[in-house]
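>>> just coords:
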């Protein structure tokens with residue numbers, strides 16, 4: 001027997017829970033289905049290193065961080081970074097802005113925020129049904145779950161996530177099913193992830209696990225200031241994450257690192273005047289290079305001070321490819337924007353909406369990922385709430 005429901009949210013991550021909150025606040029009866037034993041698992045994972053809710057930069061710059069659609073200015077008007085902070089405050093979770101511009105709850109953790117959020121959803125009458133893994137969408141907005149349960153909804157919001165962190169339930173298993181429904185999708189690929197490098201063992205013995213700070217990294221015509229971390233398989237860190245979009249577009253991906261961005265070649269050479277002995281050792285001391293930076297520069301020994309200075313300003317590292325999507329912080333790809341209208345409704349399935357990483361958008365770390373999930377969840381929740389209202 002098919003159960004009749006009002007608004008159904010499929011997926012209990014941040015985008016889905018936000019859509020549920022918005023629709024319930026508009027007076028709709030909302031039911032959330034999730035395949036895992038509990039909801040908000042990816043939200044908790046995001047908070048392990050400090051829950052980066054959003055970013056405090058100006059909105060024009062903020063909008064530019066997103067790829068995959070011109071809709072972002074409108075989405076962020078629906079639910080802005082400031083409104084996300086106010087939402088957190090409404091849950092009793094005060095926020096602060098770090099010197100980097102990143103915004104965190106004062107607790108820094110996801111668990112207190114999630115507990116308060118779930119309490120609010122309960123007060124709004126939202127019903128959460130865990131252990132319901134979505135299997136099929138049939139005509140008439142009928143949903144079938146793997147446990148055999150069938151429900152028919154007046155409006156449906158899918159919020160099944162991307163392909164990263166599969167242990168949280170965000171495994172991208174929905175993609176093939178959506179393609180079978182005739183929807184155009186881009187493959188899910190790793191975003192905000194490490195990239196692999198064939199390091200010699202001698203370098204790993206001296207540099208593995210060491211950071212390289214205060215550098216500028218370039219790829220595909222874009223440059224980013226920040227840091228990198230040498231790992232056994234390659235490189236991690238904010239700069240390589242931010243350049244992921246450019247690296248994925250390169251046939252032979254590589255990075256160019258400026259280890260001393262505040263110094264010109266001439267200034268570096270002036271600091272080496274009168275040196276004797278091992279040139280690289282002297283340069284590492286006088287240019288104050290970190291151990292990891294010294295080892296990367298030393299991969300190609302230079303015979304002259306000028307050649308060494310040029311390498312410090314433009315050290316090219318060839319990359320093999322990205323780490324597996326299961327290790328990525330987020331994924332890119334998903335349902336193409338032209339399958340959706342401005343209300344985030346599937347044009348081929350009236351009354352069915354999408355939000356979060358299911359849509360083919362991409363953004364760097366720094367608060368933009370959660371903000372994107374909340375903004376699309378807000379739009380989808382509003383749209384579902386106004387659809388087929390009794």
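Yes, it's here. In this text the structure is predicted, and so the values were computed from the model without any measurement. Numbers count the residues shown, from 1 in each chain.
>>> and the longest helix for the chain?
helix 368-385 (DSSP state H).
>>> from the middle of its chain, how far away would stretch 61-73 be?
Offset of stretch 61-73 from its chain centre (CA atoms, centre = their mean, to the nearest Å): 14 Å.
>>> Stretch 111-129 too?
24 Å.
>>> what does the domain assignment say about this structure?
Structural domains annotated on the chain: 3-191+327-385, 195-322, as defined by automatic domain parsing.
>>> for the lowest-mean-pLDDT helix or strand in the chain, packing partners?
The helix or strand of the chain with the poorest confidence is helix 41-46; it has a mean of 88 (mean pLDDT, DSSP states H and E). In terms of contact count using 3 or more CB pairs under 8 Å, 6 or more residues apart in numbering; DSSP states H and E, helix 41-46 is assigned the packing partners helix 14-25, helix 110-123. For the C-beta atoms, the positions are set from N, CA and C on the backbone; glycine is no exception.
>>> which helices and strands does the longest one pack with?
The contact analysis (3+ CB pairs under 8 Å, 6+ apart) places helix 110-123 against helix 14-25, helix 41-46.
>>> give me that answer again for 6 Å
With contacts taken as 3 or more CB pairs under 6 Å, 6 or more residues apart in numbering; DSSP states H and E, helix 110-123 sits against helix 41-46.
>>> Please work out which residues outside the helix it packs on touch it.
13, 14, 110, 114, 165, 168, 170 (CB atoms under 6 Å, 6 or more residues apart in numbering).
>>> C-terminal to that helix, what's the next element?
Counting by DSSP states H and E, the next helix or strand C-terminal to helix 41-46 is strand 54-55.
>>> What is the distance between the helix or strand just after that next one and the centre of its chain?
Counting by DSSP H and E, the element after strand 54-55 in chain order, helix or strand, is helix 59-64. Relative to its chain's centre, helix 59-64 lies at 16 Å (CA atoms, centre = their mean).
>>> List the buried residues in helix 59-64.
Neighbour-count burial for helix 59-64, counted by 16 or more other CB atoms under 10 Å, picks out residue 62.
>>> What's the separation between the residue in the chain sticking out farthest from the centre and residue 333?
Within the chain, the residue lying farthest from the chain centre (CA atoms, centre = their mean) is residue 274, at 48.6 Å. Relative to residue 333, residue 274 is positioned 55 Å away (CB to CB, to the nearest Å).
>>> about what we covered before: can you say which of the helices and strands packed on helix 41-46 is nearest to residue 262?
Nearest to residue 262, of all these, is helix 110-123, at 36.6 Å by CB to CB.
>>> Let me know the average pLDDT across the closest one.
Helix 110-123 comes out with an average pLDDT of 97.
>>> which other residues reach it?
With CB under 6 Å, 6+ apart as the criterion, helix 110-123 contacts 21, 40, 43, 44, 47, 51, 91, 92, 93, 105.
>>> Now flag whichever of the residues you listed is closest to residue 223.
Closest to residue 223, out of all of the contacts of helix 110-123 and judged by CB to CB, is residue 51, at 28.5 Å.
>>> For that closest one, list the residues it contacts.
Here residue 51 is in contact with 105, 110 (criterion: CB under 6 Å, 6+ apart).
>>> quick one, phi/psi of it?
phi -70, psi 100 (degrees, to the nearest 10).
>>> hey, where'd the strands end up in the stretch 151-300 of the chain?
185-191, 195-196, 211-219, 222-230, 234-236, 254-258 (DSSP state E, counting those that start in this stretch).
>>> My guess is residue 193 contacts residue 322. True?
Yes: at 5.1 Å, residue 193 counts as touching residue 322 under the criterion of CB atoms under 6 Å.
>>> would residue 70 count as being in a strand?
No: with DSSP: H, G, I helix; E, B strand; the rest coil as the criterion, residue 70 is coil rather than part of a strand.
>>> gap between the least confident helix or strand of the chain and the chain center?
12 Å.
>>> Around the nearest residue to residue 364 once chain neighbours are set aside, count how many other residues there are.
In this structure, residue 364 finds its nearest non-sequential neighbour in residue 242, 4.5 Å apart by CB to CB, 6 or more residues apart in numbering. Residues near residue 242, counting by other CB atoms under 10 Å, number 22.
>>> Quick check: residue 242 touching residue 224?
Yes: using CB under 6 Å, residue 242 makes contact with residue 224 at a distance of 4.5 Å.
>>> okay, and the common contacts of those two?
What both residue 242 and residue 224 touch, as defined by CB under 6 Å, 6+ apart, is an empty set.
>>> mind listing the helices for the stretch 201-350 of the chain?
Using DSSP state H, counting those that start in this stretch, the helices of the stretch 201-350 of the chain run over 201-207, 238-242, 244-248, 265-271, 279-286, 291-297, 305-313.
>>> Run through the neighbouring helices and strands of the last one.
Using 3+ CB pairs under 6 Å, 6+ apart as the contact test, the elements touching helix 305-313 are helix 265-271.
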